[in-house]
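# Attaching a predicted model along with its sequence, questions to come.
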Amino acid sequence: MTLELLDIESDEEVVFPPGDLYSDEPPMETYQHLMQMALLIQCLNWWWRDRDDFFVAGNITIYYSPRQQKSESFRGPDFFVVLDATPNPRRKSWVVWEEDGKYPNMIIEILSKSTADIDRGLKKQIYQSIFRTPDYFMFDPVTHAVTGFHLVDGVYEPLPVTPEGRLWSQQLELYLGVVGERLRFFTPEGELVHTPEESAQLAEHRADLERQQKDKMAAKLRELNIDPDSL
């Protein structure tokens, strides 16, 4: 990729290609915020591990300036998903004008004292009117409250909450709900979307149960003077 070279004696700033824009996002506010964001990314990547048509990230900058300027019009959601996109883990940021004009299909903000008002106000307005992101959720890691909105005729409408306290993401075709103190994904059937580690533990648990049942059956056969190995 060729860089635009400028006279080093000039006062102008060297301009890099848009695809090389780095994220301008500050670090996550707390370790709790970081772990929540990482959990969501890990779970969705694992759930969609056979797909290669989405990009999921967190706390990286989305640049959306109509003039294609890094210094203006940018935001950094805590978690977002773009559908019909290449996964490309090497992205340093999401540059709308380098991504066929695509914006996130779904965004989650993890609230904090310093960001809650912005997440509920300015960011919500930007996601609604500029990004036109269909699904927008906010999670409070202190109260564990989840609120969600779906874009209807250009305006965010609150999502209904199921009796289990979950909200449906039309874009992901998954529910969002709280387990313990963490926001998690659930399948349409209400099953928890696991991490790779949780999936491995479940598989091991099932294998243990099968071995125990097999051992019990073998012991029962021996009581009946039947050699289980002969069956």
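Perfect, I can see it now.

# Can you name the residues bridging to E109?
M138 (DSSP bridges).

# Does it touch D117 like I think?
No. Contact between E109 and D117 fails when scored by Cβ atoms under 8 Å: they sit 11.5 Å apart. From N, CA and C alone the C-beta is placed, and that goes for glycine too.

# Same drill for the two, tell me which one is more crowded.
Neighbour totals were compared for E109 and D117, and E109 leads with 23 against 11 (other Cβ atoms under 10 Å).

# now for the top helix by length along the chain, which elements pack on it?
Counting residues, the longest helix in the chain under DSSP state H turns out to be helix 196-223. Using 3 or more Cβ pairs under 8 Å, 6 or more residues apart in numbering; DSSP states H and E as the contact test, the elements touching helix 196-223 are helix 31-47.

# what residues does the helix it packs on touch?
Helix 31-47 is contacted by residues 28, 56-59, 78-79, 81, 108, 110, 112, 139, 141, 172, 174, 182-185, 193-196, 199 when judged by Cβ atoms under 8 Å, 6 or more residues apart in numbering.

# can you do 6 Å?
M28, V56, G58, D78, F79, I110, P141, F185, V193, T195, P196 (Cβ atoms under 6 Å, 6 or more residues apart in numbering).

# Relative to L151, which of these is nearest.
F79 (17.5 Å; Cβ to Cβ).

# picking up where we left off before, ranking the contacts of helix 31-47 by neighbours, who comes first?
I110 (27 neighbours).

# residues contacting the closest residue to that residue other than its chain neighbours?
Counting by Cβ to Cβ, 6 or more residues apart in numbering, the nearest residue to I110 once its immediate chain neighbours are dropped is D78, at 4.5 Å. Neighbour list for D78: M37, G58, N59, E109, I110 [criterion: Cβ under 6 Å, 6+ apart].

# switch to 8 Å and redo it
D78 touches M28, H33, M37, G58, N59, I108, E109, I110, counting by Cβ under 8 Å, 6+ apart.

# Between which two of the residues you listed is the distance greatest?
The largest separation in the contacts of D78, counting by Cβ to Cβ, is between M28 and I108 at 13.1 Å.

# quick check: domain ranges of the protein?
Structural domains assigned to the chain are 18-193, 194-231, following automatic domain parsing.
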